[in-house]
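>>> Dropping the sequence and predicted coords here.
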Amino acid sequence: MTVNGNKPKFAMYWAASCGGCEIAVLNIHEKILDVDANFDVVFWPVAMDAKYKDVEAMEDGSILLTLFNGGIRNDENEHIAKLLRRKSKILVAFGSCANEGCIPGLANLSDSREIVSTAFNTISTDNPKQIYPMISYDVPEGEIHIPKILPVLKTLDQVVDVDYYMPGCPPESHQIAAVIDLVVQVLQGKAELPPKGTVIGAGNSTVCDECKRARNIKMVKSFKRIWGVEVDPELCLLEQGIPCNGIATRSGCNARCPTAGAQCIGCYGPAEGVIDYGARLISAFASVIDSNDPEEIDRILDGIVDPTGQFYRFNLAGSLLKAGKPAWEKA
Amino acid sequence: MEKIGVYVCHCGTNIAGTVDVQEVAEWAAARLKHRGVVVGREYKFMCSSLGQELIEKDIKELGLTRVVVAACSPHLHENTFRTACKRAGLNPYLCELVSIREQVSWVHTDKDMATAKAMAVVSGGVERVLHHEALEPLKVSIHPDTLVVGGGIAGIQAALEIADAGYKVYLVEREPSIGGHMAQFDKTFPTLDCAACILTPKMVQAGTHPNIELLTWSEVEKVDGYVGNFSVTIRKKSRYVKTDLCTGCGICWEKCPKKVVDDVFEAGMGTRKAIYTPFAQAVPRYPVIDRANCTYYIKGTCKACEKFCPTSAIDFNQEDEIITVNVGNIVLATGYETFDAHRMAQYGYGRLPNVLTSIEFERMCNASGPTNGEILLRDGKSKPKAVGIVHCVGSRDKNYNEYCSVICCMQGLKFAHLVHERTGAEVYNFYIDMRTPFKGYEEFYQRVLEEGTHFIRGKVAEINDAPRTPEEQGKLIAQVEDTLVGVQMRIPLDMVILSVALEPRHDAKETAKRFGLSCSADGWFIEKHPKLDPVATMTEGILIAGCVQGPKDIPASVAQGAAAAARALGKIHAKEIALEPVRASVIEEKCSGCRICNGLCPFNAISFHEERMVTEINAALCQGCGTCVAACPAGAITGTGFSNEQIFAQIEGLLLLNVGEEPVPA
Amino acid sequence: MNNNETFDPVIIGFTCNWCSYRAADLAGTSRTKYPHNIRLIRLMCSGRLDPTFVFKALANGADGVMITGCHPGECHYLEQNYKALRRFHLLRRTLKGLGVEPERVKLVWASAAEGKKFATEVGSFVEEIRALGPLNWYRSNGRSPDDSGPTSHEPAPDLKEVPA
């Protein structure tokens, strides 16, 4: 699968994200040399100098593989997403932000003007002159622009067509290594690419599949925050009243958090075929509440202090409702 | 691409009077064409044979692969249209009936609005039907054997009916003998038949019937499987008597030196031995050793029974035996317990010796009971001169049981008659309401009235032994308001009989769980329908009969026993049954074994496979409610007939007109 | 903010096969009138109610969702309506966190005999939703990212007052 006898081209981009995905890629250690050996890295703002105009100059479809991380928060993100879509044969939504919005997506609970105000006008911000950024500004050299914030953060596939999805915040390094192995094998004609739309670098069931904790029929009498309890190291966290999202979260991380004694917070996103991650958790948690009395149910639910955050920490932008009411209502 | 036919019914003017049916049909054909609608028709009466033929003809000629009928409620005609599709060679489950009569034309008045809503409803049906699957009813074979649990009159009746029809029955009873509560009674109302005279022949018949295997002194431990194919684990408790050698001659209990107060059969009024049968006419006749009270087990010596047994049938080392039986149907007739009168301290039960419960009084009246049927005070000599019978003790009382125990009024009348007949004493019946609703009951009431029994309408406030007047000296005093006269009364009595409530067995909840049933709030087992299906339960193949379903008298218990038997026989004769294919199933690759769903099924259809760490659903036990489908956090459980895809599609279809966008093509 | 006079809400109603759907049938057979705004979906049991259905309905343009089932203790499947009850409580809390009025989702118990109650509940729910105003969530789905959003990063006027 080489292009014009040369090494195939590879790109990686970050939109609204934290940079953890890039670190995770570098964290595959010597496997990164395989990337270099098999690919011509043409665009990777974190790792090398590159200009958008260079990408624009490339032939459409000339990049074999683009790993796109980050959500679509502003018009620059969106522009580059569309650009890379045009230029790439395979576009991978890489990491939770691109897949489902992740932490930046939580901003979808607020009106975008409020977000800007919060950034430039809070007690922790030293802005005595009340200066706000302008989208365009005339200077002697001409008009200059900064990216315009969009009303809501979008996932990559809400903006462009996506070939594969690789979840995780960030994707586990061993899963990245496995995916790179697969692509290299495909290049060598030893393997075939999975069908378009497949979630790669993850399992097909949920975190419980990889979790070693013992589990029983669940009856939850109270929900507690993990710092408030002495955790039984052997027993399912949810059975101990700790709202562990592992039941609904796609497997692939080797149950890292529950194994370490912390509840799963859901970074690998929903399981295969699920269209709303939070709804699955609402339904599952509520189903095992051990009470039929409305008042007691409410008392038990008081233990889940921030249900929206609990259920949509990673998945808000990718959920059915996509955003909180203020975000779209004022948009 | 699917080919969908949409049929809009006028239902005369029932629908067409409020909905522009022609517009709906045309709209569906034009606007939903891209969704696969190839034909949209309206017709006066879709459910008529001509209407059905219209659909059948289109299926055959236009090659329809899906059918949507917009007419009345699916509860009325779903089956009609499914059957029509089936006749034309289309799987019946590829037909969707949406209601535009009960949900549109009959409840709305504005024709434009009603027509628009009808379109939305049709659109919902079209989107939904695209996701329908061809389904086949689940066929399950029926094992011809039946398990009857509980050897009271209801259980005996059920067992005999089935056995007489030529099928094998396992009759399980917890006590050493069958007979149940009825065996304790002396006379039965209103005919005053001697209970033993009418019951013991039936017991003997059950004990000797070639098709009945009696498993007394046994309890059901576990129930696996589903209708037609239950596998039931039964613990046969050790009797310490080899039943194949024992002849029931009775020498052992004659020779046994240890007397024990019999709390069960004699209700504490009499004694038995440590090796015993509960009563003389017990079936089977083999005794059991009461290990807790047997001198040999306590002190290590005695063995009198063993020494005198002519057939060497005593086996002190016998162990419990666990057996498994396979049956197709189960009849639960586990009966009732009586209310503990200690709980109502105001009546002095346990403190005042001559305050008795109804069961104690039954034993006292019984010719084979502790007093040989003589009605005596606790001193064992004197006859009472005044007897009070308190109705509704623990029944119709918000503090205990709100329900009426059904039998107490007639039982109280029976007691009144017996006391009157045998002692000539003055009898006072304290009642709240007199309830004598069945055949011969009111006549019996009249008879007892004529015998001179006093009836005082009022709930007894207190029974005490604190006299205020010389006449009250040495008497029990009933403090009661006669609410018909509005007068407080103190009535001196020698004996008080408390007509105690019937209550569910103390372990009814565990029993219900074991058999996959549910109890109502007061603890009686819930029938499938309180009027139209009183002996069936929501768990197919499990029937209930007698007081386990709620308090009732002997004729009603017998009727239910027979009804349950008829239900079981019907299934046995059919050899197999078809179950509605609306069922849940687990996609094993997606199941992570989190066990969220494991506690959610009241029908025990969900089990956990420990080795493979996945959950399994037994399709035959599943009743199709879909609760587990909704609960599965991994989306690993699917439900036929009401799948996520079907519901999502219906939502999209219903909202089509609002969104103004086409749903994404399937 | 609502032009509630002209606002004609759309409500999706979920019914269970045994009680509340039959209540709706009874409302029909007894010709009890109620507003046209509700469109019903039949489930076998309120226990089948997946919160996803509610989100889906709201996301696709419904202004409110009415969940109905057998009365507590009367569930055809013994106790599954209690699962619906528990989910309903948690669902409302989550909606609140999303800034959506929890009152847009209502739980109603209706037995097969309560056709009149069903009709009354629909009527009052329609009025409650009318008072809340339209939700119009679907607009956020189909919208292109170019066609809306702030034209400058000036703060919203009401936030100007926040002390620095």
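Great, that's in hand. Numbering: from 1, shown residues only, chains lettered A, B, ... in the order given.
>>> My read is that B:Lys237 contacts B:Glu219, right?
Yes: contact criterion C-beta atoms under 8 Å: B:Lys237 and B:Glu219 qualify, at 7.2 Å. The C-beta positions use only the backbone N, C-alpha and C, and glycine is treated the same way.
>>> Which residue ranges of the stretch 301-450 of chain B form strands?
All strands of the stretch 301-450 of chain B, identified by DSSP state E, counting those that start in this stretch, fall at B:321-327, B:329-332, B:336-338, B:355-357, B:386-393, B:426-431.
>>> Mind listing what's buried along stretch B:65-80?
Using 16 or more other C-beta atoms under 10 Å in any protein chain shown as the test for burial, stretch B:65-80 gives B:65-78, B:80.
>>> Now, those residues that are in strands?
Among these, the members falling in strands (DSSP state E) are B:Arg66, B:Val67, B:Val68, B:Val69, B:Ala70, B:Ala71.
>>> Could you provide those in a markdown table, with additional columns for distance to chain A and pLDDT?
Formatted as a markdown table, these follow (distance: C-beta to the nearest C-beta, whole Å; pLDDT from 0 to 100):
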| residue | distance to chain A | pLDDT |
| --- | --- | --- |
| B:Arg66 | 23 | 98 |
| B:Val67 | 28 | 98 |
| B:Val68 | 24 | 98 |
| B:Val69 | 29 | 98 |
| B:Ala70 | 28 | 98 |
| B:Ala71 | 32 | 97 |
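>>> Now the two most distant members of those residues.
Within those, B:Arg66 and B:Ala71 form the most distant pair, 16.1 Å apart (C-beta to C-beta).
>>> show me where pLDDT drops low in the chain?
Since you didn't name a chain, this refers to chain A. For chain A, residues meeting the criterion pLDDT under 70 lie at A:1-5, A:330-331.
>>> To clarify, I was referring to chain B.
B:657-666.
>>> any idea how it splits into domains?
B:4-135+B:647-659, B:139-237+B:323-335+B:505-579, B:239-319, B:339-501, B:584-639 (automatic domain parsing).
>>> Residue of chain B closest to chain C, please.
For chain B and chain C, the shortest gap (C-beta to the nearest C-beta) falls at B:Glu102, measuring 2.8 Å.
>>> tally of neighbours for that residue?
27 (other C-beta atoms under 10 Å in any protein chain shown).
>>> surely it meets C:Asp25?
Yes: the criterion here is C-beta under 8 Å, and B:Glu102 meets it with C:Asp25 at 4.7 Å.
>>> got any residues that touch both of the two?
Taking C-beta atoms under 8 Å, 6 or more residues apart in numbering or on different chains as the criterion, B:Glu102 and C:Asp25 both touch B:Ser73.
>>> Which strand residues bridge B:His529?
B:Asp533 (DSSP bridges).
>>> OK, contacts around the residue sitting nearest the centre point of chain C?
Compute the mean C-alpha point of chain C, and by C-alpha atoms, centre = their mean the closest residue is C:Val65, 1.5 Å away. With contact taken as C-beta under 8 Å, 6+ apart, C:Val65 is in contact with C:Ile11, C:Ile12, C:Gly13, C:Phe14, C:Phe53, C:Val54, C:Ala57, C:Leu58, C:Arg104, C:Val105, C:Lys106.
>>> Columns pLDDT on top of those residues, output as CSV?
Shown next, in CSV, are these (pLDDT from 0 to 100):
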residue, pLDDT
C:Ile11, 96
C:Ile12, 97
C:Gly13, 98
C:Phe14, 98
C:Phe53, 98
C:Val54, 98
C:Ala57, 95
C:Leu58, 94
C:Arg104, 97
C:Val105, 98
C:Lys106, 98
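>>> Those residues in helices, which ones?
C:Phe53, C:Val54, C:Ala57, C:Leu58 (DSSP state H).
>>> Where does chain C get nearest to chain A, which residue?
C:Gly97 (2.7 Å).
>>> and that residue, how many residues sit next to it?
Residues near C:Gly97, counting by other C-beta under 10 Å: 19.
>>> of all the residues in the stretch 201-331 of chain A, which ones are close to chain B?
Within the stretch 201-331 of chain A, the residues that sit near chain B (C-beta under 8 Å from any C-beta of the partner chain) are A:204-209, A:215-219, A:236, A:238, A:246-248, A:251, A:270-275, A:280-281, A:283-284, A:287-288.
>>> Show me how to select, in ChimeraX, the buried members of those residues.
ChimeraX command restricting these to the buried ones, with burial defined by 16+ other C-beta under 10 Å:
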select /A:204,205,206,207,208,209,215,218,236,238,246,247,248,251,270,271,272,274,275,280,281,283,284,287,288
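>>> ok, which of the residues of the stretch 201-331 of chain A next to chain B also contact chain C?
A:Ile275, A:Arg280, A:Ser283, A:Ser287.
>>> next one: phi and psi at A:Gly241?
Dihedral angles phi and psi of A:Gly241 (degrees, to the nearest 10) take the values phi 90, psi 10.
>>> where does the closest residue to it other than its chain neighbours land in three-state SS?
Spatial nearest neighbour of A:Gly241, chain neighbours left out: A:Lys224 (4.6 Å); criterion: C-beta to C-beta, 6 or more residues apart in numbering or on different chains. Three-state assignment for A:Lys224 (DSSP: H, G, I helix; E, B strand; the rest coil): coil.
>>> hey, where'd the helices end up in the stretch 551-666 of chain B?
B:554-574, B:627-631, B:644-654, B:656-659 (DSSP state H, counting those that start in this stretch).
>>> of these, which approaches chain A most closely?
Of the helices of the stretch 551-666 of chain B, the one closest to chain A (C-beta to the nearest C-beta) turns out to be helix B:627-631, at 4.0 Å.
>>> Would you mind listing the residues in contact with C:Phe7?
With the criterion set at C-beta under 8 Å, 6+ apart, C:Phe7 makes contact with C:Arg130, C:Gly133, C:Pro134.
>>> and B:Gln488, helix, strand or coil?
B:Gln488 is classified as strand under three-state DSSP.
>>> Look up the residues forming beta bridges with it.
Bridge pairing for B:Gln488 - DSSP bridges - gives B:Glu481.
>>> neighbours around it, how many?
What B:Gln488 shows, counting by other C-beta under 10 Å, is a neighbour count of 11.
>>> Report the distance from stretch A:291-302 to the chain centre.
A distance of 33 Å separates the centroid of the chain from that of stretch A:291-302, by C-alpha atoms, centre = their mean, to the nearest Å.
>>> How about residues contacting it?
A:220-223, A:289-290, A:307, C:72, C:79, C:82, C:85-86, C:89-90, C:93.
>>> let's go with 10 Å and repeat that
A:219-223, A:241, A:285-286, A:289-290, A:307, C:72-73, C:79, C:81-83, C:85-90, C:92-93, C:107 (C-beta atoms under 10 Å, 6 or more residues apart in numbering or on different chains).
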